[in-house]
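K.L.:
I would like the atomic coordinates for the input below:
(one chain, ligands or ions: 1)
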Amino acid sequence: MSVEDSDLDYPWPPMPTATARHADLLRYRAEFPLLDASVYLNTCSLGARSERSRAHLDTFLAEWGALGARAWYRRWLGELDALREDFGAVIGVAGAEISLAANVSGALAVFASALDQLHRGDPHMLGRLRDAGIAAGDQPRTRVITTALDFPTLGHQWLARAPLGVEVVVVPSPDGVTVPTEAIAAEIDERTALVATGHVYFTTGAMADLEGLATECHERGALLLIDAYQATGIVPTDVVAAGIDAYVSGTLKWLFGGSGTAFAWVRPALHEALRPTTTGWFSSAHQFDFAVDELEFAGGGRRYELGTPSVPSAAIARGGMELVREIGVDRLGERTRDLGDVLIRLAEERGLRVATVRDGSRRGGIVPIQVGEPKPIVDALAADGIIVDYRPGIVRCSPAFYTSEDELNLLVERLDRLVPQGDRLS
Ligand SMILES: Cc1ncc(COP(=O)(O)O)c(C=O)c1O
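P.N.:
Numbering: from 1, shown residues only. Below is the predicted model:
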């Protein structure tokens with residue numbers, strides 16, 4: 001059932017006194033057809049598709065149709081470079097330092113392969129890390145630390161390396177919402193190769209302290225990798241200033257760029273130490289020499305790439321990145337957190353349990369509502385044209401810059417009718 005069919009004339013509660021900051025961004029709604037057809041509050045799963053993405057995809061199809069393989073040299077390699085520039089711009093680095101990937105899991109697999117020699121305690125690798133300023137000592141580093149709130153693909157990369165003697169330590173969350181930096185720091189020891197954790201946790205929306213984690217890691221000779229999928233595009237980030245070693249993200253969510261495109265950044269000073277053993281011809285310095293008997297890694301981010309990228313996905317992603325760069329991550333972030341503040345306040349006024357941090361500066365775009373059985377509630381909302389999703393124990397709501405406060409009112413009004421008494425604040 002679409003929103004038009006549902007009973008939108010239900011008496012709405014009075015508008016909250018939300019800040020109108022950046023409300024001018026609502027003019028972009030016209031670029032997202034989905035917003036006419038539904039109340040879309042699921043950007044943390046998949047950002048809505050803009051008309052710009054469609055236009056970029058149409059251009060790709062036209063170029064393929066008109067040029068065939070000539071489009072590679074005339075257009076597409078340039079478009080891929082432009083996409084690297086787009087990604088670099090949102091994290092404060094040059095496009096040449098970015099590696100393109102098909103998804104975060106693929107980017108992680110390549111990065112993980114570059115640590116295998118560290119797990120074995122290879123003296124050359126340890127020496128190269130020392131050259132790069134990481135006091136990794138001279139013993140094998142077999143431990144990888146992640147947290148109970150992280151996306152599973154992060155832990156899986158190193159669980160799959162158990163045959164290499166890698167041990168994954170999962171730091172619990174004491175409150176189910178955050179993981180204190182000190183709790184992670186307490187697990188980092190001289191056997192620790194890496195802390196791999198999120199910038200914004202995918203179920204709670206809480207934000208990790210990148211600078212604090214980087215300091216703790218480096219004091220003990222460990223590396224820090226950040227999965228920023230739920231942060232990129234709404235949390236202004238300077239990866240160099242934050243002091244992190246590696247960053248992975250993608251376009252599905254807050255970059256409004258659809259599936260099939262992700263990216264990684266590895267601190268350039270570490271490139272010599274971190275040689276991937278999972279690779280492909282796009283990582284070669286002499287890609288178009290087609291030499292099968294030699295491999296010299298390309299300089300810059302390309303050393304962590306694999307094979308032919310999905311150009312249609314990249315085209316779609318460029319549409320999203322055009323919007324992100326036009327509006328700016330600062331404004332997108334402020335607007336997203338303002339809407340989160342409104343939603344939290346409205347939900348708590350109705351006695352709903354909100355399982356995230358109240359301080360907007362420590363939160364991404366996710367507002368989870370705690371319930372015993374989320375699925376029937378999410379299904380009932382969908383039947384009314386309100387799209388959110390669920391994870392165990394929560395209805396996961398994620399307003400984005402294109403969300404109106406009326407839509408938040410409507411969501412909370414419906415939730416108020418659907419969430420059982422036993423799931424509410426007493
Ligand atoms: C924090 C986080 N990491 C990773 C992913 C997914 O990674 P991949 O691109 O491998 O599907 C998601 C969501 O899909 C996510 O929320």
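
K.L.:
contact partners for residue 316?
P.N.:
Residue 316 makes contact with 49, 53, 56-57, 251, 257-258, 260-261 under the criterion CB atoms under 8 Å, 6 or more residues apart in numbering. Every C-beta, even on glycine, is put in place using the N, C-alpha and C of the backbone.

K.L.:
mind listing what the nearest residue to residue 42 once chain neighbours are set aside touches?
P.N.:
The shortest distance from residue 42 to any non-neighbouring residue, by CB to CB, 6 or more residues apart in numbering, is to residue 387 (4.9 Å). Neighbouring residues of residue 387 by CB under 8 Å, 6+ apart: 38-42, 381.

K.L.:
what strands line up against the longest strand anywhere in the chain, and which way round?
P.N.:
Secondary structure of the chain per DSSP state E: the longest strand is strand 192-198. Looking at strand 192-198 with DSSP bridges, its partner strands are strand 143-147 (parallel), strand 223-227 (parallel).

K.L.:
quick one: contacts for the residue in the stretch 251-400 of the chain positioned nearest to the ligand?
P.N.:
Per CB to the nearest ligand atom, residue 262 is where the stretch 251-400 of the chain lies closest to the ligand, at 5.2 Å. Contacts for residue 262 were tallied using CB under 8 Å, 6+ apart; they are 100-104, 106-107, 248-251.

K.L.:
just the residues you listed that are near the ligand?
P.N.:
103-104, 250 (CB under 6 Å from any ligand atom).

K.L.:
next, the buried residues of stretch 86-102.
P.N.:
Across stretch 86-102, burial judged by 16 or more other CB atoms under 10 Å covers 86-91, 93, 95, 97-102.

K.L.:
let me see the ranges of the helices in the stretch 251-400 of the chain.
P.N.:
In the stretch 251-400 of the chain, helices defined by DSSP state H, counting those that start in this stretch lie at 311-327, 329-349, 374-383, listed in chain order.

K.L.:
my read: residue 158 touches residue 164, true?
P.N.:
No: between residue 158 and residue 164 there is no contact under CB atoms under 8 Å: 9.2 Å.

K.L.:
of these two, who's got more company?
P.N.:
Between residue 158 and residue 164, residue 158 has the larger neighbour count (other CB atoms under 10 Å), namely 25 against 13.

K.L.:
doesn't that one lie inside a helix?
P.N.:
Yes: when DSSP: H, G, I helix; E, B strand; the rest coil is applied, residue 158 is found to be in a helix.

K.L.:
number of nearby residues for the closest residue to it other than its chain neighbours?
P.N.:
Closest residue to residue 158 apart from its sequence neighbours, by CB to CB, 6+ apart: residue 144 at 4.1 Å. Counted by other CB under 10 Å, the residues lying close to residue 144 total 27.

K.L.:
let me know whether residue 334 touches residue 21 as I believe.
P.N.:
Yes: in this structure, residue 334 is within contact of residue 21 by CB under 8 Å, at 6.3 Å.

K.L.:
more neighbours, these two?
P.N.:
residue 334 (19 against 12).

K.L.:
tell me the secondary structure at the nearest residue to residue 121 once chain neighbours are set aside.
P.N.:
Nearest non-adjacent residue to residue 121, counting by CB to CB, 6+ apart: residue 140, 3.2 Å away. Of the three states, residue 140 takes coil under three-state DSSP.

K.L.:
residue 140 and residue 190 touch, don't they?
P.N.:
No: Residue 140 is beyond contact range of residue 190, at 10.2 Å (criterion: CB under 8 Å).

K.L.:
give me the common contacts of the two.
P.N.:
Joint contacts of residue 140 and residue 190 (CB under 8 Å, 6+ apart) do not exist.

K.L.:
so for these two, which sits in the more crowded spot?
P.N.:
residue 140 (18 against 13).

K.L.:
and the pLDDT for that one?
P.N.:
Looking at residue 140, its pLDDT stands at 96.

K.L.:
now do the one 3 residues further on
P.N.:
With respect to pLDDT, residue 143 has a value of 98.

K.L.:
OK, contacts around it?
P.N.:
Residue 143 neighbours (CB under 8 Å, 6+ apart): 166-169, 187, 189, 191-193.

K.L.:
change it to 6 Å
P.N.:
167, 169, 191-192 (CB atoms under 6 Å, 6 or more residues apart in numbering).
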